[in-house]
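1. Got a predicted structure here, sequence first:
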Amino acid sequence: MNAINWELATRIANKLTKPGPQFSKREMAVGVAELRAAASEAIDLVVNTSGLPNDGRAAVYVVDRPTIITVNIANSAYLFQASGTDKLLPDETAADNLFGVVLGTVMSYLAHGVLGQFVPFQHSALYLVAPNIMGMERRLNVDPHDFRLWVCLHEQTHQAQFAAAPWMAERLLQLIAQVTLAEKDTQQLADTLLRTGEKILKAGRKELRDTGIVNLIRQAAPAEMSAALDAVTAQMSLLEGHADVIMDEVGPGVIKSLADIRAKFDNRRAERTKGIKSLPAKLTGMDAKMAQYADGAQFCRGVIRETDMDTLNLAFAAPENLPSVPELADPASWIARVTGTRQQPSNAPAPSHSPARRAAPVSETTERTSASSQSAIEPKVG
């Protein structure tokens, strides 16, 4: 066995996952075509706005929920093996099946909500989940064309980030390995997992909602593991926050209903963190991802406000330039460390659109999406 029953995880995830919102064949065909076009348009807008380079390597796939489950489980299996975690967990059928059930349940939960996903490992690719994107635009009652481009801007920013910093994917793998290999043998790892499990079981619904599973793990983990978790948190916060900023920096000149989309989307995000619905988010770690968007975006806007976009791009120049968790809350300290000069705090708001990087008119964009996107998987909506 492989410490996780991946086949069982896939079966469980697909069994628990609903097919998604209902659309006619024509509506879905139009949606798929628009998403492909939006992905191609978005990368040029991202590069022009952010100043980050792009080599256009990533293929773009428009997929359905079962396909994103397959992609995410395959990606998890790769990370599991590449980080060496597969050598640490007990090779027992009961444990394999237990982990498979847990992973399958988590993957089903994520498949219902993920709009898009950029995978930087092995053969980098961008996946757009058509039923989720089209269902979200319907629920929010926003302009479909604008919303599809807006989502693609976020995901294509991730492509630009990893193109600018090709070392970043390997660093994530190393950090994941540090988290799992912090314990020197399987017994130590088992003890840590047991402590974490006991803490989670003892935690009431309120503590899980207030603290979250990631922080509960951090509290039970040794110092070396906690430090690696902090490094992962800082890097992911930069990536997600930066993408959130760039998708808005393109501006209403390109996305006319930008203000309406952002307001409604943020309201939806806030609603998802309230009440009983927040418990699954805590258990799957999605609460931590929501915090990454907020903390990272605040950091990026703070750097832009005090300096400019070019200074923010220094974060992608080298691993040592990445912000730490404390620096996320104090952009001035990061600026001082990376540039050697400390900026005086400013009370002026961050510019809504960077004057140094104006978005190119849509008519000037070129087809940079990989040719393999033309054979993208058609979503199945039933």
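-> Arrived safely. Residues are numbered from 1 along each chain as shown.
2. pLDDT on the host helix or strand of residue 271, on average?
-> Assigned by DSSP states H and E, residue 271 belongs to helix 258-272. When pLDDT is averaged along helix 258-272, the result is 88.
3. That one packs against which elements?
-> helix 130-140, helix 144-164, helix 286-306 (3 or more Cβ pairs under 8 Å, 6 or more residues apart in numbering; DSSP states H and E). Every residue, glycine included, has its C-beta placed from N, CA and C.
4. quick one, strands of the protein?
-> For the chain, the strands defined by DSSP state E cover 59-63, 116-119, 125-129.
5. okay, the angle between the first one and helix 144-164?
-> This means strand 59-63. Counting by axes from the mean of the first three to the mean of the last three Cα atoms, to 10 degrees, strand 59-63 points 140 degrees away from the direction of helix 144-164.
6. Let the chain start at 28 from now.
-> Okay, using 28 as the starting number, the last item reads as strand 86-90.
7. Strand 86-90 pairs with which strands, parallel or anti?
-> If you go by DSSP bridges, strand 86-90 pairs up with strand 152-156 (parallel).
8. And the helices in the stretch 28-177 of the chain, which stretches?
-> For the stretch 28-177 of the chain, helices defined by DSSP state H, counting those that start in this stretch occupy the ranges 33-43, 52-77, 92-109, 120-138, 157-167, 171-191.
9. Quickly, which of those helices bottoms out on average pLDDT?
-> helix 120-138 (a mean of 83).
10. As CSV, could you dump the C-alpha coordinates of that helix?
-> Taking Å, rounded to 0.1, in the frame of the first residue of the first chain, the C-alpha atoms of helix 120-138 are listed here in CSV:
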residue,chain,number,x,y,z
THR,A,120,-4.2,-1.3,5.1
ALA,A,121,-6.4,0.2,7.9
ALA,A,122,-4.4,3.4,8.0
ASP,A,123,-4.3,3.6,4.2
ASN,A,124,-8.1,3.4,4.0
LEU,A,125,-8.6,5.9,6.9
PHE,A,126,-6.4,8.5,5.2
GLY,A,127,-8.1,7.8,1.9
VAL,A,128,-11.6,8.5,3.4
VAL,A,129,-10.4,11.7,5.1
LEU,A,130,-8.7,13.0,1.9
GLY,A,131,-11.6,12.1,-0.3
THR,A,132,-14.0,14.0,2.0
VAL,A,133,-11.7,17.1,2.0
MET,A,134,-11.4,16.9,-1.8
SER,A,135,-15.1,16.8,-2.2
TYR,A,136,-15.6,19.8,0.0
LEU,A,137,-13.0,21.8,-2.0
ALA,A,138,-14.4,20.7,-5.4
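11. which helices and strands sit right next to it?
-> Secondary-structure packing of helix 120-138 (3+ Cβ pairs under 8 Å, 6+ apart): helix 33-43, helix 92-109, helix 305-311.
12. could you dump these to CSV with distance to residue 347?
-> Below are the helices and strands packed on helix 120-138 laid out as CSV (distance: least, Cβ to Cβ, whole Å):
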stretch, distance to residue 347
helix 33-43, 36
helix 92-109, 23
helix 305-311, 32
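13. so can I have a markdown table of these showing distance to residue 164 and mean neighbour count?
-> Formatted as a markdown table, the helices and strands packed on helix 120-138 follow (distance: least, Cβ to Cβ, whole Å; neighbours: other Cβ atoms under 10 Å):
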| stretch | distance to residue 164 | mean neighbour count |
| --- | --- | --- |
| helix 33-43 | 24 | 18 |
| helix 92-109 | 16 | 19 |
| helix 305-311 | 22 | 19 |
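14. Any idea which of those helices gets closest to residue 342?
-> Of all the helices and strands packed on helix 120-138, helix 92-109 sits nearest to residue 342, with 23.2 Å by Cβ to Cβ.
15. Give me the contact list for that closest one.
-> 29-31, 33, 36-37, 40-41, 44-47, 88, 90, 112-113, 130, 134-135, 137-139, 141, 144, 146, 148-149, 154, 156, 158-159, 200, 203, 404, 406-407 (Cβ atoms under 8 Å, 6 or more residues apart in numbering).
16. Since that was my last question, I'll sign off now.
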